[in-house]
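Peer 1: sequence plus predicted model, see below.
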Amino acid sequence: MIKKVYLSCCIILVIWISLTGSIYNEESEEENVKEIATQTVEFLSTGEFNQAYDFFNETVTDQMAVQQLEDIWDSLLAQYGEFDTVMSTRIDKEGGYDVVYVTCNFTTKGFLDIKMVFDGEKNISGFHFVPTEIEYEYETPEYADQDVFEEVNVTVGTGEWELPGTLTIPKGEGPFPAVVLVHGSGPNDKDESIGPNKPFKDLAWGLASKGIAVLRYEKRTKEYPVQSAAQTNFTLQDEVIDDTIGAIDILNATGRIDQERMFVLGHSLGGMIGPRIAEQDDRLAGLIILAGPTRGLEDLFLEQTTYLANLDGEIDENEAIQIAYIQEQVEKVKELNISEGELILGVPKTYWQYLAGYNPVETAKNLSIPLLILQGGRDYQVTLDGDFSVWNETFYGDDNVTLKAYEMLNHLFISGSGPSTGAEYLVMGHIEEEVIDDITQWIVNHQ
């Protein structure tokens, strides 16, 4: 039975197996391994996990049971939506191995590549998920003026976790106020691309057009997926915080940046963890939170799935099965009933342990810097009633905190109408100019 599931942008996708086997013969038939890869995906999509499992070599099967393969697939579907179709396949050589990329379309988040490495016996020795390299032509928003800013390539972090980034900075001597952008969940690129939308690029170009420098960079789980997955004690400190502090270091060392006016802007997961970043780095002049959750991520995950299942007015059998499955996963998170090496909703026990000891609202209450907290009224992932209301009730009347909700904006702060769905993320749009203006004015007011 195929399980119908939907997109969630609030849970990180760090699920993969990456193992090595013997080098495949260079004279192997490329079409053969492409067919095996395609058939593997088809078995997974139809719930025939035993048949898919048969294509893996012993190196993999010694470390992964059939049930684990099913859990990995379910975690993927829960974030990308129902599997639709195989769009294409391509084959490459990496380190002497034949590697097949199967580009798949999912109903709510669009394209994703399933990458499979083959050994000399045409068995799968490596299996993981990577973003599809589809290039969308970026349409410059009307509020961005490319004549007044420039972009400089930078490297965030040092050593094994170096990350490519871009500093978008107004032309002139400065010094300019500056903002570091902190991604939402998942292996995001520096633009936080979702389909044709690039909200972080909108922010960078929009704010730089108004005299504010912006630093954005590839997220660690995007740039180093295998290395990140290999960390047995993986937490938000590794996924987000350390690299954000590295980005602040870049701003602090840049001569045209006003070191007294450095800000962090976190979106979604980045907004939730923003208070912890500010707690750890006293160089910040303020914190901007866009769609920041106040509840447990596991609760949001269940709520989002239930919301999308209910959009047509009823929950069918497959949807009920998926909701029940996620409810079981949520209960395991609540109890921290997670085995060593087990992934729950895509991440290990250490990730959930870290979150269990963190309350973004309570942490924010102890900060002395000003806060700007913004929320989209049509956001079904981080909601007005469930999350923004908590920020509002906590900080209403606090002169150090500015709160604002935008009735027609979704989770990406793009305008729309009617109930929001994941499908609208695949339609080209831009962050609303009003949001750019409000952030700009707030920064100007906190000089």
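Peer 2: Perfect, I can see it now. Numbering: from 1, shown residues only.

Peer 1: every contact and neighbour count from this point should use C-alpha atoms.
Peer 2: Will do.

Peer 1: before we move on, what SS does Gln329 have?
Peer 2: helix (DSSP: H, G, I helix; E, B strand; the rest coil).

Peer 1: you'd agree it is up against Ile344?
Peer 2: Yes: the pair Gln329 / Ile344 is scored as a contact, 6.3 Å apart, by Cα atoms under 8 Å.

Peer 1: look at the two and report which has more neighbours.
Peer 2: Counted by other Cα atoms under 10 Å, Gln329 and Ile344 do not tie: Ile344 has more neighbours, with 25 against 18.

Peer 1: backbone dihedrals for that one, please?
Peer 2: Note on Ile344: its backbone torsions stand at phi -110, psi 120 [degrees, to the nearest 10].

Peer 1: give me the buried stretch members for stretch 189-198, please.
Peer 2: 189-192, 194-198 (16 or more other Cα atoms under 10 Å).

Peer 1: what's the neighbour count on Thr158?
Peer 2: 10.

Peer 1: and the helix or strand containing Asp71, average pLDDT?
Peer 2: Using DSSP states H and E, Asp71 maps to helix 66-80. What helix 66-80 shows for mean pLDDT is 81.

Peer 1: quick check: closest non-adjacent residue to Glu342.
Peer 2: In this structure, Glu342 finds its nearest non-sequential neighbour in Pro348, 6.0 Å apart by Cα to Cα, 6 or more residues apart in numbering.

Peer 1: return stretch 215-229 as PDB; C-alpha atoms alone will do.
Peer 2: Provided in PDB are the C-alpha atoms of stretch 215-229 (Å, rounded to 0.1, in the frame of the first residue of the first chain):
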ATOM      1  CA  LEU A 215      25.800  37.400   4.300                       C
ATOM      2  CA  ARG A 216      24.300  34.100   3.200                       C
ATOM      3  CA  TYR A 217      26.000  30.700   2.800                       C
ATOM      4  CA  GLU A 218      25.500  27.100   2.000                       C
ATOM      5  CA  LYS A 219      24.200  25.100   4.900                       C
ATOM      6  CA  ARG A 220      26.500  22.500   6.400                       C
ATOM      7  CA  THR A 221      24.100  19.600   5.700                       C
ATOM      8  CA  LYS A 222      23.900  20.800   2.000                       C
ATOM      9  CA  GLU A 223      27.600  21.100   1.500                       C
ATOM     10  CA  TYR A 224      28.700  18.100   3.600                       C
ATOM     11  CA  PRO A 225      25.700  15.600   3.700                       C
ATOM     12  CA  VAL A 226      27.700  12.500   4.200                       C
ATOM     13  CA  GLN A 227      30.100  13.900   6.800                       C
ATOM     14  CA  SER A 228      27.200  15.500   8.700                       C
ATOM     15  CA  ALA A 229      25.300  12.200   8.700                       C
END
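
Peer 1: gap between that stretch and the chain center?
Peer 2: 10 Å (Cα atoms, centre = their mean, to the nearest Å).
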